[in-house]
Structure formats: structure tokens, C-alpha cells
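Chemist: Here is a sequence with its predicted model. Questions after.
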Amino acid sequence: MDIPQCHGMPKTSQQTLQALGKKLKKLRKERDLTQEELAEQLRISTVYVGFLEAGKGSPSLKLLMKISRKFKVKVEDLFHR
């Protein structure tokens, strides 16, 4: 039996990370920040920002909360386009 999916919700953890990456990149670019500037503000490495934007990093809840405060969005909104 298939579990119904919410419309527009990612189906796998990989798709979830990719959705987060796209949203993070979009928010960063909307605010005219480089990966380096965002990394400095979040106190993480530039390489890790790149991993996150590429959908390859799996951030901690603490980091997700930092990102949501930085961009003034709810944590759950980081996973939607």
C-alpha cells in the first residue's frame, strides 16, 4: 500500500536535501551574499555552504535554526521552493 505524499513534498531524504540546497542558494542570492559571506555569518566553512547548496550536506537542527533566523523564515520553509 502506498503512503500518500503531500503535494510538492520531497519523497526521499536525498530530495529533501536537494530542496534545502536550492532554497538556501535562492535565499543567499536574493540577499546578494557570496558563499564566503554566508559561511562567515553562519560560522561554518565555505566548503560546507557549497555542500549544502549542492544537496550533499545534512545540517544539524542547530544549523537549520541559525539559517532560518538569518533569513527570517521558518525552518520548515527551508525545504520548500
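Modeler: Structure's in. What do you need?
Chemist: which parts of the helix or strand hosting E37 are buried?
Modeler: Using DSSP states H and E, E37 sits within helix 35-42. By neighbour count on 16 or more other Cβ atoms under 10 Å, the buried set for helix 35-42 is Q35, L38, A39, L42. C-beta: built from backbone N, CA, C; applies to glycine.
Chemist: cool, stretch 59-70 as well?
Modeler: P59, L63, K66, I67, S68.
Chemist: Restricting to C-alpha, output that stretch in PDB.
Modeler: Taking C-alpha atoms only, stretch 59-70 is exported to PDB below (Å, rounded to 0.1, in the frame of the first residue of the first chain):
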ATOM      1  CA  PRO A  59      22.800  20.100   8.500                       C
ATOM      2  CA  SER A  60      22.100  19.800  12.200                       C
ATOM      3  CA  LEU A  61      18.900  21.200  13.700                       C
ATOM      4  CA  LYS A  62      21.000  23.900  15.300                       C
ATOM      5  CA  LEU A  63      22.400  25.000  12.000                       C
ATOM      6  CA  LEU A  64      18.900  24.800  10.400                       C
ATOM      7  CA  MET A  65      17.700  27.100  13.100                       C
ATOM      8  CA  LYS A  66      20.600  29.500  12.600                       C
ATOM      9  CA  ILE A  67      19.800  29.600   8.800                       C
ATOM     10  CA  SER A  68      16.100  30.200   9.500                       C
ATOM     11  CA  ARG A  69      16.900  33.100  11.800                       C
ATOM     12  CA  LYS A  70      19.400  34.600   9.400                       C
END
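Chemist: Let me have the buried residues of stretch 59-70 in TSV, extended by secondary structure, distance to L52 and pLDDT.
Modeler: Shown next, in TSV, are the buried residues of stretch 59-70 (DSSP: H, G, I helix; E, B strand; the rest coil; distance: Cβ to Cβ, whole Å; pLDDT from 0 to 100):
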residue	secondary structure	distance to L52	pLDDT
P59	coil	6	96
L63	helix	9	98
K66	helix	12	98
I67	helix	9	98
S68	helix	13	97
